[in-house]
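Chemist: Have a look at this fold, sequence not included:
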Ligand code: NAD
């Protein structure tokens, strides 16, 4: 645990220094001494293993783990040999805490790993979540939770069977701007919410990337960024959709041979409330609009890691810089330590996946109304 000096805040350093001295005096390596003295449930900071060291792990999660209070980057799992040295040096990862996709299951005996964070292409989420659960580790799995509702159910079951917690990487539910939107329906601030418009799209680059391959991505923009719109509609209303209709648009661009380019869909919520959404890999849109009896709310841009702007009725929203990923991981670490439930458990990912499946079903049936 202390091998990663960069990650230990001052107050923890004082504790670990003292532990380090006694470890040295009895001839134990520092890591094993700490694991022994703290026990897996009594640790100050829980160890997180990142599985898949691509852009999100490298650019967001690992740097955020330098800011977390209740967890730290203790291990890595990668299929790329060159990344091992780079990451080990940068984040002080001991050799014994570096795994690949083949020997991944050996994490079962590693006491430095409490939580496994799956940051792989979408179609690999289910396999690695289930393997992590069988190894007795708690899991954070990136969005979309998987590529089918059946996979989501198998992941939830594996975590339940092995008595470990499962949380989905829905970082926005920890963000102060989105929390204000979530609270609208809880606190009835603007009266009944009648309409939500949630759009998220970007222009995709490299035509060879996994996001454009059906077998790895499970679908196009809907799987990737459309899932934020589904989430936003659900938490803006504070209710579950009961039916939907969907339409797909394709310009014929070669990039979109395997997955949809643009999808729009409309969801029906109880009492005649409706939402409208667009997701695409061929345009740039990023907004959430809520219309209610007593006023409107909007976030634009809405779904990024920062730079969110918006208002609720007459109030311009303004929050200090906030690290969504650090908050998300710290909250889950506390869930594990205190044995409380994640606010974004596997069931939350399953609900979104059922909507995604209904959207694809509607597309197959030329925009027919599908009950969810
Ligand atoms: P990426 O392409 O940058 O990284 C993917 C990683 O998986 C790479 O390290 C790659 O080597 C590895 N990999 C293993 N097997 C692979 C295979 N067969 N094909 C391709 N890559 C393989 O992707 P990313 O942007 O880091 O996305 C990873 C996951 O994280 C996705 O599920 C994505 O939806 C999610 N994500 C979430 C957020 C968020 O804000 N919550 C942001 C970005 C990505």
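Modeler: Looks like it came in fine. Values in this document were obtained by computation on a predicted structure and should not be read as measured data.
Chemist: What residues does the stretch 151-300 of the chain have near the ligand?
Modeler: For the stretch 151-300 of the chain, the residues in contact with the ligand (CB under 6 Å from any ligand atom) are 169, 171, 210, 216, 224. In this view, the C-beta of every residue, glycine as well, is placed from N, C-alpha and C.
Chemist: Got a quick ChimeraX command for the buried subset of those?
Modeler: Command for ChimeraX that selects the buried part of those, burial taken from 16 or more other CB atoms under 10 Å:
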select :169,171,216,224
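Chemist: Pipe the residues of the stretch 151-300 of the chain next to the ligand into a markdown table and attach secondary structure and pLDDT per row.
Modeler: Listed next are these as a markdown table, based on DSSP: H, G, I helix; E, B strand; the rest coil; pLDDT from 0 to 100:
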| residue | secondary structure | pLDDT |
| --- | --- | --- |
| 169 | coil | 98 |
| 171 | helix | 98 |
| 210 | helix | 98 |
| 216 | helix | 98 |
| 224 | helix | 98 |
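Chemist: could the residues of the stretch 151-300 of the chain next to the ligand be laid out in TSV, adding distance to residue 75?
Modeler: Shown next, in TSV, are these (distance: CB to CB, whole Å):
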residue	distance to residue 75
169	18
171	21
210	24
216	24
224	27
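Chemist: Most widely separated two among the residues of the stretch 151-300 of the chain next to the ligand?
Modeler: The span of those, defined through CB to CB, is set by 171 and 216 at 22.0 Å.
Chemist: Look up the closest residue to residue 83, ignoring the ones flanking it.
Modeler: Counting by CB to CB, 6 or more residues apart in numbering, the nearest residue to residue 83 once its immediate chain neighbours are dropped is residue 53, at 5.0 Å.
Chemist: pretty sure that neighbour contacts residue 87?
Modeler: Yes - between residue 53 and residue 87 there is a contact at 6.3 Å, judged by CB atoms under 8 Å.
Chemist: Identify the contacts common to these two.
Modeler: Residues touching both residue 53 and residue 87 (CB atoms under 8 Å, 6 or more residues apart in numbering): 62, 76, 78.
Chemist: all strands of the stretch 1-150 of the chain, in order?
Modeler: Along the stretch 1-150 of the chain, the segments classed as strands by DSSP state E, counting those that start in this stretch run 46-51, 71-77, 98-99, 115-118, 138-141.
Chemist: Minimum distance to the ligand, which residue of the chain gives it?
Modeler: The minimum distance from the chain to the ligand, using CB to the nearest ligand atom, falls at residue 54 (1.7 Å).
Chemist: where exactly do the strands run in the stretch 201-350 of the chain?
Modeler: Taking DSSP E, counting those that start in this stretch, the strands of the stretch 201-350 of the chain run over residues 243-249, 262-269, 273-280, 285-292, 295-299, 310-312, 315-317.
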